[in-house]
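[1] Need a 3D model of the following:
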Amino acid sequence: MNGQWIGTYSGTNTGVVVADLDEVGNHYAGVVFAYDNNPAFTTAFAHVEIPKDKTTFSLGVSLEHMERGSASTLTPASLASFQAFKPLLMRIPNGR
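    Residues are numbered from 1 along each chain as shown. The predicted model follows:
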């Protein structure tokens, strides 16, 4: 691992962001985790590739969710069991 960056985020929710990145050719690749301050929420994470030669860029990612404590990746069906996600899942087509 080339680097780990840790910081906070705020907006609709607040929490901690952790980025674990490796240098791979002309970019950095790794995983970014968002740990919400609300323990009722799961941890969101995404696999990312970030260009080395850019100081600003746009990045689209597919978010995945991980259960706190077990680190199990959650499927849309298992997310439905989390009360905190029910309003969110209702707004996402096909629960994804």
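[2] Run through the helices of this protein in chain order.
    In the chain, the helices defined using DSSP state H lie at 76-79, 86-91.
[3] least reliable of the ones you listed going by mean pLDDT?
    The minimum mean pLDDT among the helices of the chain belongs to helix 86-91 (a mean of 46).
[4] so what's Phe33 up against?
    Residues near Phe33 by C-beta atoms under 8 Å, 6 or more residues apart in numbering: 17-20, 43-45, 66. For the C-beta atoms, the positions are set from N, CA and C on the backbone; glycine is no exception.
[5] So among the residues you listed, where is pLDDT lowest?
    Met66 (83).
[6] any idea how far the residue nearest to that residue when sequence neighbours are not counted lies from Lys54?
    Once flanking residues are discounted, Met66 sits nearest to Thr43: 4.5 Å by C-beta to C-beta, 6 or more residues apart in numbering. To Lys54, Thr43 is 27 Å away according to C-beta to C-beta, to the nearest Å.
[7] So between the two, which is more surrounded?
    The neighbour count for Thr43 versus Lys54, taken as other C-beta atoms under 10 Å, is higher for Thr43 (19 against 9).
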